[in-house]
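Asks: when you get a sec, could you give me coordinates for this:
(2 chains)
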Amino acid sequence: MMVALDIFLRLAAWLLLAPLLPGIINKVKAWVAGRRGPPMLQLYFDLAKLWRKGVVLSTAVSPMHVLGPAMAWVAILGAALLLPVGPAGASLSFRGDALLFVYLLAFARFCIALASLDTGSAFEGMGVAREVSYAVLSEAAIITALLTLCVQTGSVSLATMLAPSAGAGAALLAAGLFGVLLAENCRVPFDDPNTHLELTMIHEVMVLGHSGPPLAAILHGASLKLLLFAVLLAEAVLPLGKLSLLQAIGALIASVFVVAIAIGLVESLLARLAFRRVPLLLTTAFLFCLFALLVAWKGGTP
Amino acid sequence: MTPGWLMLIAGGGVVAGIFSAFKLPRVWLAATLAGAIAAFAAAAWMLATGVVWNWQPDFVIGGEKLHLQLDGISAFFLILLSVLGGAVALYSSEYWSDKNHPASAPPGRAWWNGMLLNMGFVLLCANGLHFLIVWEIFTVCAYFLITRERQRPAARAAGWLYLAASHVAMIFLFAFFALLSARTGSWELGPMRDHPELAPLFWLALVGFGIKAGIFPLHIWLPSAHANAPSHVSAILSGMAIKMGIYGLVRFTGWLPTPDLSGWVVAALGVVSAVLGVAFALGQHDLKRLLAYHSVENIGIILIGLGFAMIAASHGNAAWGQLALAGALLHVWNHGLFKALLFLGAGSVLHATGTREMSRLGGLWRAMPWTASLFALGATAIAGLPPLNGFVSEWLVYLGLFDAVSAHGPAAFAAILAAIALGMTGALALACFVKVCGVVFLGLPRTEIAEHVHECGWRMRLPMLVLGTACVAIGLVPILFWPALATASAAWQPALTTANALPSAPLVTLGAFHLALAALVILAAIFLWRRVKQNGVSRAGTWDCGYAAPTPRMQYTAGSFAGIFTGWFDWILRPQRHAHLPEEIFPAHADFEEHTPETVLENVVEPASSLVMRVSMAVRHLQHGRVQSYIFYLLLGLAVLAILAVMGGAK
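Replies: Purely as a prediction, here's the structure:
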């Protein structure tokens, strides 16, 4: 009973807090640009509206178009269950759950990609091709980051891997993971969530054909994924396991805020890259993770 | 019933199938299925009880006594053979029916059973001479299956290439077994780990079995043979025949001592095969050729696991080796199941449309919902995604690699590279199968042939359903299959496995998580589906940036989808592009064609063999049948000998 309650509360927290993050980022962007910007809770309003709306389906689509977003949403939720929340730990933790975490996100990508190709539009084809291509490099970076944490702690379970800090290579790892976060969540400089030119989009063009509740599932899943990466980044770098309960919670919340503000600042201050440069930047993120791994290797096991 | 009787029924059923293949197709099917079920039961019995079945009658073939042995490794591969042999035989009864192929179907059935029988014997033989004999017969049976459509030049060329490559492999295996029996004084096979002088023979086995398995630079025969064989043959080739190479490697690395370098070389070949296999797959436009390159990739994943298990075995039986081995072995099953499923799905597409060219297909899900869903299931499995079986085996290999890294041992650096390569391979495979599913089954039909298609009949659907169910079962309850893995890996190197009894707890949790995930996925899908229906659906054409009349030909093609990847791997794929760009104000004609050749074959093997041919042609002038010249050679030789004798001061 307690386990069920625990899982329920965690899921509720993840699901309810996730749409807040894009709101914060948009506020930061508006503040830098000197605008008032949309309200912090804008995504909640959008989701509520989309959930009630009717759906326009292309005449080309198969059931995958609707089922894909649902499957992807569940997969991201499953990944959220595996990620420990600071001192509270994870609701489910076992040897090798770190790899399941990565592959659940890959499964989500697979489902969204198929749902998107379903419309038969060349624009969606472009978006999906870019998404799955760049994901190869970010996957390499994430595996390297996991290897770093594994060398650091001697474990393949997220709860143990994320408890201590990443040691001497923490800054490198943070830089690498931040790059992956930007790429995987389609932020500037990899992709621009606000762009209106289909030819240059990645993620936004993938969901052009979606509307109504399936679009709500995609948007909510995307915000949840962003929160997952922010928490993962914070926990990988900070020694949350060594802090007291309140300190750890405070540090976690503060660092997620810092990540959101950093994303907002990056989006305000940087232009997005030309597509042929995206792999270079992702390779840089991968190399950051690799150097963090070498530093951790030299440092030996604690 | 004892395994002996079961094996007798299995062998009897398959042999009865050979005799009934020509006149009585129904009897053939029943006998083959009965044989497959009996073989399945015998192998399952062995894996469950762990009791080795030995049969040594006083029966002499080629001067050697027959010795059949069903141990953990044999049974592990035999069970896959029986599942695939039975399921695909049922498929072929509709796919390659007497009605459509009156000339080639009856002998095809006989060759089919001949191949099954001899693959079974390869797994059971514990005598080197008999191993060679049945290996050769199985290879030749496969040749006749590949060239079922020998009126097509491409099929003949593919068969010829297969036969040539297989016999190069055969030369290495001859050398391997002959040297082995010369050193040990007997053709009997068995554990010989206490003879370190046998270690160098491993290299012969690696090349011989490696060609059959399709390890990267040795895979040259594989793509064209898989693409041009009938689809049920491609399924058994990819699902089982190339696994016979893996069987040989697993068997003889377990029985014989191996050189120090061997584990590293196998792991390195695994990494190369995995990454380049999937890179080549991305460059393909032919559905079955693409699947064939994925076999190279998955053989690579198996070899990564096997290689690290060998490294662990030579470094004090480290615990992570057991994980890597379990992952490799489970991936043998998994790849056999999902690759056969995918080839059968490709066969249904080919059956319905008559083309393997992906860019001419599209939107097939409407007419072929079963094939499309089962193909998507296989695609999810082969991309290594949870909650299906591909993830379970890759996860075990990953665990082995991560443990090797955290052990800080000598293999840690190699394990880091292998883990990163495995991650990239997974993401590349995902991209490739997104491409296949999207281009072939989703969207709109690109050409007319994709419009008038039909779903396959139940005899083609049922085998796919069986294979798909097996994929789901291994994914959702992996723990059920754990005893089989334990028995097989105990037969490999007992020292490695007894030292490290594997904790099965993480596997139980993973299975439970997969079950919950699958249930939730289905629930969420139903929930969203109902919500969409409730909110109301209106239909409209796909929005194409405001074009008034978009045509299906404007859809993204396989080539354009993989463009980013073919750019990255340009250095090895060397795609050949022919383009006529639109010119002038009113361009009349423009086209673009891209083709990714088999680089190793065209840039390495063919130049090398044409060099050999040129040298041979030049040397041939010496031998032309003119007696005068031969007398001249004789005189010349005598003269040279005389000069040598005079100058050398002969005694």
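Asks: sec struct for the residue in the stretch 201-302 of chain A that chain B sits nearest to, please.
Replies: Proximity of the stretch 201-302 of chain A to chain B (Cβ to the nearest Cβ) peaks at A:Pro213, 4.7 Å away. (Glycine included, C-beta is placed from N, CA and C.) Assigned state for A:Pro213: helix (three-state reduction, DSSP: H, G, I helix; E, B strand; the rest coil).
Asks: contacting residues for it?
Replies: When contacts are counted by Cβ atoms under 8 Å, 6 or more residues apart in numbering or on different chains, A:Pro213 touches A:Leu50, A:Trp51, A:Lys53, A:Val55, B:Leu528, B:Arg531, B:Val532, B:Asn535.
Asks: doesn't A:Pro69 make contact with the fifth one?
Replies: Yes - taking contacts as Cβ atoms under 8 Å, B:Leu528 lies within contact range of A:Pro69: 6.9 Å.
Asks: pull up the overlap in contacts between the two.
Replies: With Cβ under 8 Å, 6+ apart, B:Leu528 and A:Pro69 have common neighbours A:Pro214, A:Ala217.
Asks: show me which of those two is the more surrounded one.
Replies: Taking other Cβ atoms under 10 Å in any protein chain shown, B:Leu528 and A:Pro69 do not tie; A:Pro69 has more neighbours (29 against 23).
Asks: from B:Gly536, how far out is that one?
Replies: A:Pro69 is 18 Å from B:Gly536, where distance means Cβ to Cβ, to the nearest Å.
Asks: how about B:Leu388?
Replies: According to Cβ to Cβ, B:Leu388 and B:Gly536 sit 34 Å apart.
Asks: repeat that for A:Asp97.
Replies: For A:Asp97, the distance to B:Gly536 - Cβ to Cβ - is 41 Å.
Asks: between those two, tell me which one has more neighbours.
Replies: Taking other Cβ under 10 Å, A:Asp97 and B:Gly536 do not tie; A:Asp97 has more neighbours (26 against 11).
Asks: my read: that one touches A:Leu158, true?
Replies: Yes - between A:Asp97 and A:Leu158 there is a contact under Cβ under 8 Å: 5.5 Å.
Asks: give me the below-cutoff pLDDT ranges for the chain.
Replies: Because you didn't say which chain, this covers chain A. For chain A, applying pLDDT under 70 flags the ranges A:166, A:300-302.
Asks: chain B was what I was after
Replies: Scanning chain B for pLDDT under 70 picks out B:1, B:497-503, B:548, B:649-651.
Asks: okay, now the domains of it?
Replies: Domain assignment for chain B by automatic domain parsing gives B:1-197, B:260-495, B:572-579+B:593-620, B:623-651.
Asks: need the winner for burial among the ones you listed.
Replies: Greatest average neighbour count among these goes to domain B:260-495 (a mean of 24), per mean count of other Cβ atoms under 10 Å in any protein chain shown.
Asks: near chain A, which residues of the stretch 451-600 of chain B are found?
Replies: B:503, B:505-506, B:509-510, B:513, B:516-517, B:520-521, B:524-525, B:527-529, B:531-532, B:535-545, B:550, B:552, B:554-556, B:560-565, B:568 (Cβ under 8 Å from any Cβ of the partner chain).
Asks: element containing B:Met613, please.
Replies: helix B:606-620 (DSSP states H and E).
Asks: make that B:Gln628, sorry
Replies: Assigned by DSSP H and E, B:Gln628 belongs to helix B:627-648.
Asks: so in chain B, which helix runs the longest?
Replies: Secondary structure of chain B per DSSP state H: the longest helix is helix B:319-353.
Asks: stretch A:151-159: end-to-end distance?
Replies: Taking Cα to Cα, to the nearest Å as the measure, stretch A:151-159 stretches 15 Å from start to finish.
Asks: quick check: buried residues in it?
Replies: A:Val151, A:Gln152, A:Thr153, A:Gly154, A:Ser155, A:Val156, A:Ser157, A:Leu158, A:Ala159 (16 or more other Cβ atoms under 10 Å in any protein chain shown).
Asks: middle-most residue in chain B, spatially?
Replies: Taking Cα atoms, centre = their mean as the criterion, B:Ser238 is the residue nearest the geometric centre of chain B, at 3.5 Å.
Asks: dump the domains of chain B into JSON lines; add distance to A:Thr119 as well.
Replies: JSON lines is the format used below for the domains of chain B (distance: least, Cβ to Cβ, whole Å):
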{"stretch": "domain B:1-197", "distance to A:Thr119": "32"}
{"stretch": "domain B:260-495", "distance to A:Thr119": "7"}
{"stretch": "domain B:572-579+B:593-620", "distance to A:Thr119": "25"}
{"stretch": "domain B:623-651", "distance to A:Thr119": "68"}
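Asks: nearest to A:Ile142, of these?
Replies: Judged by Cβ to Cβ, the one of these that comes nearest to A:Ile142 is domain B:260-495, at 7.3 Å.
Asks: endpoints of the closest one, how far apart?
Replies: End-to-end for domain B:260-495, by Cα to Cα: 17 Å.
Asks: show me how far it is from its chain's centre.
Replies: 10 Å (Cα atoms, centre = their mean, to the nearest Å).
Asks: can you check stretch A:237-253 too?
Replies: 21 Å.
Asks: just stretch B:225-241 next, same as before
Replies: Using Cα atoms, centre = their mean, the offset of stretch B:225-241 from its chain centre is 9 Å.
Asks: start and end of it, how far apart?
Replies: With Cα to Cα, one end of stretch B:225-241 sits 12 Å from the other.
Asks: what do you get for stretch B:591-606?
Replies: 30 Å.
Asks: ok, residues contacting that stretch?
Replies: Residues outside stretch B:591-606 that contact it (Cβ under 8 Å, 6+ apart): B:161, B:216-217, B:219-220, B:223-224, B:280, B:283-285, B:559, B:566, B:572-580.
Asks: quick revisit: out of the contacts of A:Pro213, which end up buried?
Replies: Burial by neighbour count, judged by 16+ other Cβ under 10 Å, picks out A:Leu50, A:Val55, B:Leu528, B:Arg531, B:Val532, B:Asn535 from the contacts of A:Pro213.
Asks: between these, which is closest to A:Leu269?
Replies: When these are compared against A:Leu269 (criterion: Cβ to Cβ), the nearest one is A:Leu50, at 30.8 Å.
Asks: B:Tyr556 reaches A:Ala122, doesn't it?
Replies: Yes - applying Cβ under 8 Å as the test, B:Tyr556 and A:Ala122 come out as touching, 5.1 Å apart.
Asks: rewinding a little: buried subset of the residues of the stretch 451-600 of chain B next to chain A, written for ChimeraX?
Replies: To isolate the buried members of those in ChimeraX, using 16+ other Cβ under 10 Å:
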select /B:506,509,510,513,516,517,520,521,524,525,528,529,531,532,535,542,543,544,550,552,554,555,556,560,561,562,563,564,565,568
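Asks: among the residues of the stretch 451-600 of chain B next to chain A, which are located in strands?
Replies: Using DSSP state E, the members of those that fall within strands are B:Val537, B:Ser538, B:Arg539, B:Ala540.
Asks: can you name the residue of chain B nearest to chain A?
Replies: Closest point on chain B to chain A, by Cβ to the nearest Cβ, is B:Tyr556, at 2.5 Å.
Asks: how about the strands in chain B?
Replies: Under DSSP E, chain B gives strands at B:53-55, B:60-61, B:64-65, B:68-70, B:537-540, B:576-580, B:591-595.
Asks: circling back: farthest pair in the contacts of A:Pro213?
Replies: The span of these, defined through Cβ to Cβ, is set by A:Lys53 and B:Leu528 at 13.4 Å.
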